[in-house]
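Asks: Fold the following, please.
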Amino acid sequence: MTHRNAVLLNDGQLVVQPRGFDALWCFRRRVILPTSAVAEVQVVSKTAVKRGIRVLGIDLGYKICGTFRSNGSMNFWNFRKPGHLLVIRLKSGFEYAHLYLSVKYPESIAGFIREHMTGEVGRTMQLSSWASSSSRSITGWMSCKGTDFHSHAAA
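Replies: Numbering: from 1, shown residues only. As a prediction, this is how the structure comes out:
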């Protein structure tokens, strides 16, 4: 399963929530940052990124969760093979320099975060590929259900 994280944009905040046991292995239930902290969003191959030294979490090669130090910066990882990484580079002055995440549709989510950064989107969005009627969602949130975003109001 490549979609190990829920990515939420809500009222000027970017929220990353590791799914399932990943929250335990990452030692984080969520990472919350203002959207103004995001400097760049891109999708890359895992082989293009060096994870560095594990500070807190696990590194099994195919499963990387937690906080890692690389080139003097702290980075948050929650990745499981196969798939590409959604890389969110943050401005200086925040806890992490980068967030490296497994998500089901990284290109779509990266594009939406870029749109949100430029202020082109004015409502709360849930960019989670696992959102369903059983998930905790709020009326008016949007779900990523494929490569296109479709509106799904929660009951």
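Asks: if I've got this straight, H116 is in a helix?
Replies: Yes - counting by DSSP: H, G, I helix; E, B strand; the rest coil, H116 falls inside a helix.
Asks: Name the nearest residue to it, ignoring sequence neighbours.
Replies: Nearest non-adjacent residue to H116, counting by Cβ to Cβ, 6 or more residues apart in numbering: L9, 5.1 Å away. Every residue, glycine included, has its C-beta placed from N, CA and C.
Asks: Ok, L8 next?
Replies: Once flanking residues are discounted, L8 sits nearest to V15: 4.1 Å by Cβ to Cβ, 6+ apart.
Asks: tell me which residues form a beta bridge with the one you found?
Replies: L8, I32 (DSSP bridges).
Asks: Number of residues surrounding it?
Replies: 15 (other Cβ atoms under 10 Å).
Asks: How about the contacts made by L90?
Replies: If you count contacts by Cβ atoms under 8 Å, 6 or more residues apart in numbering, L90 has them with L33, A37, V38, A39, Y96, A97, H98, L99.
Asks: dump the residue contacts of the first one.
Replies: The contact partners of L33, taken as Cβ under 8 Å, 6+ apart, are Q13, L14, V15, L90, F94.
Asks: quick one: which of those residues is nearest to G111?
Replies: The closest of the contacts of L33 to G111 turns out to be L14 (Cβ to Cβ; 14.5 Å).
Asks: From what I see, the closest one and V7 are in contact.
Replies: Yes - L14 lies in contact with V7 (Cβ atoms under 8 Å); the separation is 7.4 Å.
Asks: list residues touching both of the two?
Replies: I113.
Asks: circling back to that earlier point, now do the same for the residue nearest to H116: its pLDDT.
Replies: Per-residue pLDDT puts L9 at 87.
Asks: got it, and H98?
Replies: With respect to pLDDT, H98 scores 95.
Asks: Give me the nearest residue to it, chain neighbours excluded.
Replies: Spatial nearest neighbour of H98, excluding adjacent residues (Cβ to Cβ, 6+ apart): N75 at 4.5 Å.
Asks: before we move on, what SS does that neighbour have?
Replies: Classified using three-state DSSP, N75 is strand.
Asks: again, but for Y96
Replies: With three-state DSSP as the basis, Y96 sits in coil.
Asks: Is K63 in contact with R80, as I believe?
Replies: Yes - using Cβ under 8 Å, K63 is in contact with R80, at 5.1 Å.
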